[in-house]
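Participant: quick one: sequence plus predicted model below, questions after.
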Amino acid sequence: NKGRSKIVPIESIDLGSVSPALERVRLSHEEFDQRVRSLLQDSKTVTIRTDPATVFGMIKERFSAIHTVYEVVDPERTTFLGEYAGQSAYSKAFIGAWVKVVGSAAEGQVELIMYGEEEASVTGLLSELVELIETREDWVA
């Protein structure tokens, strides 16, 4: 540094509090079901007025840092179901998600259930996903 300032433009990015702080936990569908039975959970249902594939794709993108336990899409592409498992990168506490998106291009519902060993992780993840959906004015009924 010779006392001259330098400005370097950088592109803005959308950072969520979930993806960077989670790591994968590889589980089968049966192991996931067994593990979440005794954990804390919180849930929310959001009515949407957009294509369910778009919403499900956005949720999948948010879970890209954790393990996809199970995903299924019906042939008509009106029902999307996913289960995801991870752990906090810091405390190593487990967190899981169950997501169901149903509907047509005009309307539908998103059902979210979060499971975890730490209440803050469960409510934080759920809040982030609900906010992500609800801030899109063209998505929410």
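Facilitator: Ah, there it is. Just so we're clear, the structure is a prediction, and the values are computed from it rather than from any experiment.

Participant: all helices in the protein, in order from the N-terminus.
Facilitator: With DSSP state H as the definition, the chain shows helices at residue ranges 29-36, 52-62, 119-134.

Participant: make TSV from those helices and add distance to residue 23, mean pLDDT and mean neighbour count to it.
Facilitator: From N, CA and C alone the C-beta is placed, and that goes for glycine too. Shown next, in TSV, are those (distance: least, Cβ to Cβ, whole Å; pLDDT from 0 to 100; neighbours: other Cβ atoms under 10 Å):
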stretch	distance to residue 23	mean pLDDT	mean neighbour count
helix 29-36	16	95	15
helix 52-62	15	90	18
helix 119-134	12	89	17
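
Participant: take those helices and lay them out in CSV including distance to residue 70.
Facilitator: As requested, the helices of the chain are exported to CSV (distance: least, Cβ to Cβ, whole Å):
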stretch, distance to residue 70
helix 29-36, 5
helix 52-62, 12
helix 119-134, 18
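
Participant: tell me the spacing between residue 25 and residue 60.
Facilitator: Separation of residue 25 from residue 60 (Cβ to Cβ, to the nearest Å) stands at 17 Å.

Participant: same check on residue 130?
Facilitator: Between residue 130 and residue 60 the distance, using Cβ to Cβ, works out to 16 Å.

Participant: circling back to that earlier point, can you tell me which of the helices of the chain is nearest to residue 10?
Facilitator: Smallest distance to residue 10 across the helices of the chain (Cβ to Cβ): 21.3 Å, for helix 52-62.

Participant: no more questions from me, cheers.
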